[in-house]
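Enquirer: What follows is a predicted protein model with its sequence.
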Amino acid sequence: NAGVTQTPKFQVLKTGQSMTLQCAQDMNHEYMSWYRQDPGMGLRLIHYSVGAGITDQGEVPNGYNVSRSTTEDFPLRLLSAAPSQTSVYFCASSYLGGSPAFGSGTRLTVV
Amino acid sequence: QQQVKQSPQSLIVQKGGISIINCAYENTAFDYFPWYQQFPGKGPALLIAIRPDVSEKKEGRFTISFNKSAKQFSLHIMDSQPGDSATYFCAPQLGNTGNQFYFGTGTSLTVIP
């Protein structure tokens, strides 16, 4: 099993550009989530999904969109990138009530 | 973020020493208390976790101590090794929903050979 796969690993965007961070899991987990990690801030929840067709906002959702059309995929969209969105992004999945398994992250720089 | 306070922010320990990282929380509804380990360039990975019905759990060199009345839990790494050098996060969970994790700000551990 590949676990949680994130692409790309690195990305540089110009302010105002849009892009999609991809996340796929092959463990048939119901729950998927996106976090951002910034120095001294720990991990902060952006959006999460408890199943296909169901998404909800986390702690820091502004500037990000998500959708969950299948159990396996949970892409994160940046609509108009801003320097404040420079961060490392982690996707995670789990069974409901279980501990999340994390992907290896996407390091995003917005210039 | 205010619900969880982790300390220290960084820690340097000699090989063979004991590393201790603390986590204090506010919400008494938390019912699952994990520690995650993160190496550079990798995502966090579950290291060890405890439920509030026990006060201590040991797995190899790693021990969680849980103090329900003080609303604190700590990670002890015995006989610390250079390979333990990583960032550690506490992340207490609220309820059984699978989504309500509150991550601490992290502790950077360096074990000197």
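Expert: Perfect, thanks for sending it.
Enquirer: What pLDDT is listed against the residue in chain A that chain B sits nearest to?
Expert: In chain A, the residue that lies nearest chain B is residue A:102 (3.1 Å; Cβ to the nearest Cβ). Every C-beta, even on glycine, is put in place using the N, C-alpha and C of the backbone. pLDDT, residue A:102: 94.
Enquirer: Same question for residue B:1.
Expert: Note on residue B:1: pLDDT of 46.
Enquirer: interface residues of chain A facing chain B?
Expert: Within chain A, the positions near chain B by Cβ under 8 Å from any Cβ of the partner chain are A:4, A:30-31, A:33, A:35, A:40-45, A:48, A:50, A:58-59, A:90, A:92, A:94-105.
Enquirer: how does it look with 6 Å?
Expert: Residues of chain A that fall close to chain B, judged by Cβ under 6 Å from any Cβ of the partner chain: A:31, A:40, A:42-43, A:48, A:90, A:94, A:96-97, A:99, A:102-105.
Enquirer: ok, of those, which come out buried?
Expert: The neighbour-count test (16 or more other Cβ atoms under 10 Å in any protein chain shown) applied to these identifies A:31, A:42-43, A:48, A:90, A:94, A:99, A:102-103, A:105 as buried.
Enquirer: in the chain, which spans are strands?
Expert: Let's take chain A. All strands of chain A, identified by DSSP state E, fall at A:4-7, A:10-13, A:19-25, A:31-38, A:42-51, A:54-57, A:64-66, A:76-78, A:87-94, A:101-102, A:106-110.
Enquirer: other chain: chain B
Expert: Using DSSP E, strands in chain B cover B:4-7, B:10-14, B:19-25, B:30-38, B:45-50, B:56-59, B:62-67, B:72-77, B:86-90, B:93-94, B:107-112.
Enquirer: from the residues of chain A next to chain B, which two are the most distant?
Expert: Farthest-apart pair in the residues of chain A next to chain B is A:40 and A:96; separation 30.6 Å (Cβ to Cβ).
Enquirer: JSON lines for the strands of chain A, including distance to residue B:104?
Expert: Output for the strands of chain A, formatted as JSON lines (distance: least, Cβ to Cβ, whole Å):
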{"stretch": "strand A:4-7", "distance to residue B:104": "22"}
{"stretch": "strand A:10-13", "distance to residue B:104": "27"}
{"stretch": "strand A:19-25", "distance to residue B:104": "24"}
{"stretch": "strand A:31-38", "distance to residue B:104": "12"}
{"stretch": "strand A:42-51", "distance to residue B:104": "6"}
{"stretch": "strand A:54-57", "distance to residue B:104": "22"}
{"stretch": "strand A:64-66", "distance to residue B:104": "23"}
{"stretch": "strand A:76-78", "distance to residue B:104": "23"}
{"stretch": "strand A:87-94", "distance to residue B:104": "15"}
{"stretch": "strand A:101-102", "distance to residue B:104": "16"}
{"stretch": "strand A:106-110", "distance to residue B:104": "22"}
